[in-house]
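> Predicted model, plus sequence, below.
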Amino acid sequence: MSDYALFLGCVIPNRYPGIEAAMRRLAPSLGITLYEMEGASCCPAPGVTRSFDSQTWLTLAARNICIAEALGKNVLTMCNGCYASLKEANAILRNDSVKREAVNKVLSEVGKSFRGNIEVKHIVEVLYNEVGLEKIKSIAKRQLKLKAAVHYGCHILKPSELREWKSHERPTFLDELVAALGLQSVDYQDKMMCCGAGGGVRSGLPEVGLDMTKEKLTNITRTGADVIVNCCPLCHLQFDRGQVEIEQNLGEKFRIPVLHYLQLLGISVGLTLDEVGAKAHNVSLETLASRI
Amino acid sequence: MSTLNLLRGSVIRSEDLQAHFVEEIVKAGGEKIRLCFQCGTCTGSCPSGRRTAFKTRELIAKSLLGLRDEVLHDKNLWTCTSCYTCTERCPRGIDVTNLIFIIRNIAVRSGVILDRHKVALGYLIKTGHLVPITDNYMKLRGELGLEEVPPTTHKHSEALKEFQQLISKLQFDRLTTSAEDNK
């Protein structure tokens, strides 16, 4: 069994709780024991915090890491943004003693101190590198005969300096995880392009982000994909709610269901669409019901 | 009309340049900006640049020249989604995305911030979450067998106080209201 401190973030617990429910229900069969990071906050998001004040971003990320350090467990995130913030902050604070001291001086106000003795991991990293494809195949009860458009999201891959994937331009790990559940991962134009939500663009200049999302959705539609599979709740939100926003603002209609990999894995082991949080979705998952 | 008059507005004059701008960027950790040789790989890789007037190479050139006000007040500075493609591909090894974060930090300190971002930051400072919980999602959490209130700053008021204490120590709350003060 491996132990992890579960970092919830914002979008998963507060908008797509089905992803969290799937994580918690899957953990025992994956050999993972989860510990709660009581009192954790937003990671905080790299776009809408680091863009404004790097020092605040680093200090608030350090506070979250301290909660996991007190548990003595490595952090597990289900979100690319949380992964980016916590992983990079962890690396900066470990390697840069000047920045570490400055952060710890502020943290001492609340009785906390960054030590630098835990790692930050993304669930997809754990599934691929630690749990392994064979184990995932063995717990999957249903083979899902669906065509999937896989979207990695930028921050699981980049900056590559801090990550160990073989390639950030042409990665295959998420496609392999999807294929392990019986789905066919289809190739599409500009597959590695950003969803459009990051960097504070979704919150600040939504029309720019949605234009990017529309381009991806157009390319995905051409392949006849049944579902978009992602591993980041902000990309998930941008694709799911974004389809409604694109219809309202740009007059173009798409209806492609969107699933986080944890929801897909949950469905494969026998959870219902409702149990993985179908109700929270803007694009109905109904079209998948008859296919699983 | 003299040629000089015709060119007015498109000519960059030495009195418009604030040469210390690049020092400000370097001091904040962006020293590699000086390595840029204007190849344009960043612009060519940028998904925002494909659909807006945001040109990463131009941002760097203007910053090196010292066109501080022009750079800080350009709304396109906020179209970067931080996808890191430019950073990965830069042949000079410049961490371009971080450079954009640094320039944004300077913009915010100078009072330039989008209204929509102020709203988002209000949620963060008030709740500890950029995307806070609502009643509907609490109900859905309950239906899924989860604690209705997630075990974050939402559930623990003392943790939220601690979070807010750090924010006021760092004067982050003042930073985000400075734009209004400067109006």
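It's in. Bear in mind the structure is a predicted one, so any value in this text is a computation, not a measurement. Numbers count the residues shown, from 1 in each chain, chains lettered A, B, ... in the order given.
> what are the phi and psi angles of the nearest residue to A:Thr56 once chain neighbours are set aside?
Nearest residue to A:Thr56, sequence neighbours excluded (C-beta to C-beta, 6 or more residues apart in numbering or on different chains): B:Phe172, at 4.3 Å. Quick note: C-beta positions are derived from backbone N, CA and C, even for glycine. Taking degrees, to the nearest 10, you get phi -70, psi -30 for the backbone angles of B:Phe172.
> can I assume B:Phe172 is in contact with A:Asp53?
Yes. Contact criterion C-beta atoms under 8 Å: B:Phe172 and A:Asp53 qualify, at 5.7 Å.
> show me what contacts the closest residue to chain B within the stretch 1-150 of chain A?
As assessed by C-beta to the nearest C-beta, chain B sits closest to A:Gly39 within the stretch 1-150 of chain A, at 2.8 Å. Shown in contact with A:Gly39 (C-beta atoms under 8 Å, 6 or more residues apart in numbering or on different chains): A:67, B:151-153, B:155-156, B:158-160, B:162.
> Tell me how many other residues surround B:Asp115.
B:Asp115 sits with 9 neighbouring residues when counted by other C-beta atoms under 10 Å in any protein chain shown.
> what's the distance between the helix or strand where B:Leu160 lies and the middle of its chain?
Element membership for B:Leu160 (DSSP states H and E) is helix B:157-169. Counting by C-alpha atoms, centre = their mean, to the nearest Å, helix B:157-169 is centred 23 Å from the centre of its parent chain.
> Which residues does it contact?
A:38-41, A:56, A:59-60, A:63, A:106-107, A:109-110, B:125, B:127-128, B:152-154, B:173.
> just checking, which of those belong to helices?
A:56, A:59-60, A:63, A:106-107, B:125, B:127, B:173 (DSSP state H).
> If any of those residues are buried, put those into a ChimeraX selection.
Entered in ChimeraX, the line below selects the buried ones among the ones in helices among the contacts of helix B:157-169, by 16 or more other C-beta atoms under 10 Å in any protein chain shown:
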select /A:56,59,60,63,106,107 /B:125,127,173
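> ok, and the closest non-adjacent residue to B:Glu24?
Spatial nearest neighbour of B:Glu24, excluding adjacent residues (C-beta to C-beta, 6+ apart): B:Ile106 at 5.9 Å.
> hmm, I was thinking of A:Lys279
Leaving aside its sequence neighbours, A:Lys279 sits nearest to B:Leu140 (C-beta to C-beta, 6+ apart; 5.9 Å).
> Just the buried residues of the helix or strand hosting that neighbour, please?
For B:Leu140, the host element (DSSP H and E) is helix B:135-143. Neighbour-count burial for helix B:135-143 flags B:137-138, B:140-141 (criterion: 16+ other C-beta under 10 Å).
> cool, and stretch A:70-83?
For stretch A:70-83, by 16+ other C-beta under 10 Å, it's A:71, A:73-83.
> quick one: B:His156 and A:Glu38 touch, right?
Yes. Applying C-beta under 8 Å as the test, B:His156 and A:Glu38 come out as touching, 6.1 Å apart.
> could you give me the average pLDDT of the helix holding B:Leu160?
Averaging pLDDT along helix B:157-169 gives 98.
> what does stretch B:9-21 give?
pLDDT averaged over stretch B:9-21 gives 88.
> Show me the contact partners of it.
By C-beta under 8 Å, 6+ apart, stretch B:9-21 touches B:4, B:63, B:65-69, B:71.
> if we go to 6 Å?
Applying C-beta atoms under 6 Å, 6 or more residues apart in numbering or on different chains, the contact partners of stretch B:9-21 are B:66, B:68.
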